[in-house]
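Asker: below are the sequence and a predicted model for it; my questions follow.
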Amino acid sequence: MDRAFPHRYDMEEETMARGLLLWLLGVPIPVIILLWLFFGH
């Protein structure tokens, strides 16, 4: 893991958890991808 960005892994993990939660709620993958592209960076 890159020491210069120790928080990056936590953010990616949070993003994956949010995507998993949305998927479990029935949100289709393309919508999750679009949300990630617009708000995940």
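Answerer: Here it is on my side, so go on.
Asker: for the lowest-mean-pLDDT helix or strand in the chain, buried residues please.
Answerer: Least confident helix or strand of the chain, by mean pLDDT, DSSP states H and E, is helix 8-24 with a mean of 80. Neighbour-count burial for helix 8-24, counted by 16 or more other CB atoms under 10 Å, picks out Thr15, Gly19. Yep, even glycine has a C-beta here, placed from its N, CA and C like the rest.
Asker: what is that helix packed up against?
Answerer: helix 29-39 (3 or more CB pairs under 8 Å, 6 or more residues apart in numbering; DSSP states H and E).
Asker: can you check the pLDDT for Met1?
Answerer: If you check Met1, the pLDDT there is 49.
Asker: what does Phe39 give?
Answerer: 88.
Asker: ok, now which ones touch the residue nearest to the spatial centre of the chain?
Answerer: Nearest to the mean C-alpha position of the chain, counting by CA atoms, centre = their mean, stands Thr15 at 2.2 Å. Contact analysis of Thr15 by CB atoms under 8 Å, 6 or more residues apart in numbering lists Trp36, Gly40.
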